[in-house]
Structure formats: structure tokens, C-alpha cells
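Student: Structure for this input, please:
(one chain, ligands or ions: 1)
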Amino acid sequence: SNVLSQQDPQVWAAIAAEQERQQDGLEMIASENYTSVAVMQAVGSVLTNKYAEGYPGRRYYGGCEHVDVIENLARDRAKQLFGAEHANVQPHSGSQANQAVYLSLINPGDTVLGLDLAHGGHLTHGMKLNLSGKLYNFHSYGVRQSDHRLDFDQVARLAREHKPKLIVAGASAYPREIPHGKFAEIAREVGAKLFVDMAHYAGLVAAGLHDNPVPVADFVTTTTHKTLRGPRAGLVLCKAEYAKEIDKNVFPGMQGGPLMHVIAGKAVCFGEALQPDFKAYGQAILDNAKTLAETLMAGGLSLVSGGTENHLMLVDVTTLGIGGKLATEVLGHCGITVNMNMIPFDTRKPMDPSGVRIGTPALTTRGMGTDEMKTIGGWILESLKNCGDASVHQRIRGEVASLCSQFPVPAKEALAAV
Ligand code: PLP
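Tutor: Okay, here's the model as predicted:
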């Protein structure tokens, strides 16, 4: 028994059920992961009680001597991890980190180039309903139809035509490594600044397994909860010359008081990512993704760009005569969690697109390897080829549960200890 279960059984029951869902199912949403118990302890700590508007040594509130230590640790570790001159660890989320960068570099009405949402871009890269799309004049570049790789001829053409003040690189659903230097070259040619949102692959960058945008970009942002495996939050990295500007635009520009418990979680996460074994984790994510992609393709599924070289893949399920919505539901019945996703040049709608996005970061954290990926790939193929057969789904659900019981999630230990 614990205090929460006694005091608020309704909330407790939902948390316990979610804990069970995370343990008993295969989490293959490319943007999710399992934090360590240490990260969860930091996020669940007394730091949630503290107001600390301002920055270390320059706060608007008293009693900040301990949270100053924590924010300085987070900043120093982030800089060390990515080789950056300056880090702002206060953004509550990736979206807010991005908004603070826009505030620092451009004015409402200014022209920006970003990756098309339907080609793998993020909402904050100019989607019409997002603040980015409402405030700024975004034009979208995309991938080539022939091979689904970023079309740098198009980026250069659009940059020369529209003369953007800013080019945004980075993606939420792009299965290939992004060569940031090519964006930097184009930005330099047209006099634009370069901002890279590495939210999805920051953990691979930290592990030295993906091109690091920090040396060539004016600003880099990331979420800390995807491949980086920290708490849900954002981070901005930049050159020293932008330090004052970004700090001012995160607070008071975008936010009020920082979430010190989450910043402590970020400090712990960056500390973990600086350890040698994080490189092995990154490599295992890549090996698992490659094996899963090969298994799915050998089984007849079509992958956007013909495979993957990062942590995720986009599967075009229309070759099976189904859409992404049904595929996601069927996999859900089997205990395999993914999300439906538009694929480049999709002729279907966002609420029932042609694809599903599948990632390996979370399962890799549980210790699963390439053997498990082959098994899981087999289950994905079998379930999608038998969409109407509930008995197949039920059998696979049982097999999934039995595999999961061999690979406990880190939270199991944490929750048991409460
Ligand atoms: N940037 C990219 C590339 C993302 O994929 C995401 C999250 O999906 C974000 C930013 C936004 O992060 P958040 O959900 O923390 O606002």
C-alpha cells in the first residue's frame, strides 16, 4: 500500500493500469521510451514545490540555492553531451523550445522553410493550425518521390526563390540520417539562419551515431524524452552569441517558472547519456530497427525509402489492402502499440493515412535485441495479413505478453517501491 493508493484510489488505479499496459505490451511508438528509475525519482521529487523564475544566480525568488545546483548541472551536462557553447534547459516541451527559437530569430510575417508535415515534418515546423504556421510565412520542402530522401535541389530552389530568414531542419517521421551540412550550405548561400530540431534522433547524436547538427546550426532544439530517454521536456542549444537572446525568450518570453523537478530529470538523463554504455544503447536501437525493417520487407511489406538508418521506419500498409487506422487497431489488439502516419505523397487522409510509424527505442531500453525483432516482425506481418481474424490476434496477444514478461520495464521496480 502507498499514500496515493490510499488517498486517491481512482488516480492510483489508472496509474497502476498504465504501469501494467507499459509492462505487458510492446511499445513501438517511435517517439516514446522508458526513463530510468533515477529519472523518475528526480521528476517525482520535492522539487515540484519550488518556484525559480530566472536563471541560476539570477532568480526572482529566494531559496534557490539547491535548484541552482541542479540547473547548472543540467546545463553543463547538456553542453558537454552535444559540444554546445550554450544550453537552455527550461523549455517545458519540444514545442516551447521551438517557439523560443522562433522568437529569437524571426518576427511575425517573416518567411521560413520547413519540412512538410506529410513528408515527416513536425507541427511546429509551420503547420497551419500551429502557432508557427499562424505567425510566420512558412514554405515547405519535401522528399523526392523516387527514393523518399530529402530533396536538397528543391530546398535550394525554394530558398533562392523565397529568400527565407530561417531554414528549419529535423523531422518526426524520416527514416534516414539527416545531413545537416547540406542545409547549412544552402542557408549560407541565401543568408538564412539554420535551426535544427533533432528531437527524434538526439539520443543517436549523443551516442555519436548520427550527424551532430550543433557545429553547423545557429540553434538546435530537442525533446528530452524520445531517443534521449529522459523526462518529457525540451532543450535549446546554441552558440554563445545567442545565449542572452534565447534565455530572454524562454523566460520571460515563452514561460514563467521552470519545472525544476523536470530539469532535475533532464540533468540525470544527460548524466546517463554521457556514460559509455549509452553508445551501446544507441547502436542497439539502430541494429534493432535494421533487423525489424528487413524482417518486414522480407515478409512483403513496403517501407518508405526502402528501409531505415535510424530508430524508426514508415510502413506503407496499403499494399495489404488496408489503411493505417485499421493497421494501428489490429496491432493494438495484439498488444503492439504504434501510430498511424501519413507517408510522402499520401493520397489518403490524416485520420486514415497509408502508413504506420514503428520505432525501436523503447523495446531496446527493455533489453530486447535482434532475435526479438525477428519474432516481433513476424507477429506484425501475421496480424496485418489476418486483419479480420480475432483468434490470430488473441494468440499473438498471448505470445506478446509472454515475451514482455521476460523483459521488465524499469518502472516496475520504481512502482513496487512506492
Ligand atoms: N519536434 C519534433 C521533431 C517532434 O517530433 C516533436 C514531438 O513529437 C516535437 C518537436 C514536440 O515536442 P513536444 O511534444 O514535447 O511539444
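
Student: Quickly find the element holding the nearest residue to residue 370 once chain neighbours are set aside.
Tutor: Closest residue in space to residue 370, ignoring its immediate chain neighbours: residue 291 at 4.2 Å, by C-beta to C-beta, 6 or more residues apart in numbering. Just so you know, the C-beta spots here come from the backbone N, C-alpha and C atoms, and that holds for glycine as well. When elements are assigned from DSSP states H and E, residue 291 belongs to helix 277-298.

Student: so what does that helix touch, helix or strand wise?
Tutor: With contacts defined as 3 or more C-beta pairs under 8 Å, 6 or more residues apart in numbering; DSSP states H and E, helix 277-298 has these neighbours: helix 202-206, strand 302-303, strand 312-316, helix 361-365, helix 370-385.

Student: and the stretch 51-200 of the chain, which of its residues are near the ligand?
Tutor: If contacts are counted using C-beta under 6 Å from any ligand atom, the residues of the stretch 51-200 of the chain sitting beside the ligand are 93, 94, 95, 98, 122, 124, 170, 172, 197, 199, 200.

Student: Of the residues you listed, which belong to helices?
Tutor: Of those, the ones assigned to helices by DSSP state H are 94, 95, 98.

Student: Of these, which is the most crowded?
Tutor: residue 98 (29 neighbours; other C-beta atoms under 10 Å).

Student: Please name the residues that touch it.
Tutor: Each residue near residue 98 by C-beta atoms under 8 Å, 6 or more residues apart in numbering is listed here: 122, 124, 125, 132, 195, 197, 221, 234.

Student: And the residue of the chain found nearest the ligand, what's its pLDDT?
Tutor: With C-beta to the nearest ligand atom, the shortest gap between the chain and the ligand falls at residue 94, namely 2.5 Å. At residue 94 the predicted local confidence, pLDDT, stands at 98.

Student: ok, and the closest non-adjacent residue to it?
Tutor: Here the nearest residue to residue 94 in space, its sequence neighbours aside, is residue 223; by C-beta to C-beta, 6+ apart that works out to 3.7 Å.

Student: who are the neighbours in contact with that neighbour?
Tutor: When contacts are counted by C-beta under 8 Å, 6+ apart, residue 223 is found next to 31, 93, 94, 97, 199, 202, 232, 233, 234, 235.

Student: so it bridges to which residues?
Tutor: Residue 223 has these beta-bridge partners by DSSP bridges: residue 234.

Student: follow-up on the earlier one: confidence score at the residue nearest to residue 370?
Tutor: You'll see residue 291 listed with a pLDDT of 98.

Student: any idea how far residue 357 is from it?
Tutor: Taking C-beta to C-beta, to the nearest Å as the measure, residue 291 and residue 357 are separated by 17 Å.

Student: could the contacts of residue 98 go into a markdown table alongside neighbour count, pLDDT and distance to residue 67?
Tutor: Rendered in a markdown table, the data for those read as follows (neighbours: other C-beta atoms under 10 Å; pLDDT from 0 to 100; distance: C-beta to C-beta, whole Å):
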| residue | neighbour count | pLDDT | distance to residue 67 |
| --- | --- | --- | --- |
| 122 | 24 | 96 | 30 |
| 124 | 27 | 97 | 28 |
| 125 | 26 | 97 | 32 |
| 132 | 22 | 97 | 31 |
| 195 | 29 | 98 | 29 |
| 197 | 29 | 98 | 27 |
| 221 | 31 | 98 | 23 |
| 234 | 28 | 98 | 18 |
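
Student: just those now: which is nearest residue 373?
Tutor: Taking C-beta to C-beta as the measure, residue 373 lies nearest residue 122 of those, at 26.5 Å.

Student: Now the spatially closest residue to that closest one that is not a sequence neighbour: phi and psi?
Tutor: Here the nearest residue to residue 122 in space, its sequence neighbours aside, is residue 172; by C-beta to C-beta, 6+ apart that works out to 4.5 Å. Dihedral angles of residue 172 (phi, psi; degrees, to the nearest 10) stand at phi -110, psi -20.

Student: Could you export the helices and strands packed on helix 277-298 as TSV, including mean neighbour count?
Tutor: Output for the helices and strands packed on helix 277-298, formatted as TSV (neighbours: other C-beta atoms under 10 Å):
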stretch	mean neighbour count
helix 202-206	27
strand 302-303	19
strand 312-316	26
helix 361-365	26
helix 370-385	19
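
Student: The helix or strand residue 261 falls within vs the ligand: in contact?
Tutor: Here residue 261 sits within helix 260-273, counting by DSSP H and E. No - on the criterion C-beta under 6 Å from any ligand atom, helix 260-273 is out of touch with the ligand, staying 11.2 Å away.

Student: what is the mean pLDDT for that helix?
Tutor: The predicted model gives helix 260-273 an average pLDDT of 98.

Student: What is the helix or strand harbouring residue 157 packed up against?
Tutor: According to DSSP H and E, residue 157 maps onto helix 152-162. In terms of contacts (3+ C-beta pairs under 8 Å, 6+ apart), helix 152-162 is packed against strand 111-115, strand 137-141, helix 180-190.
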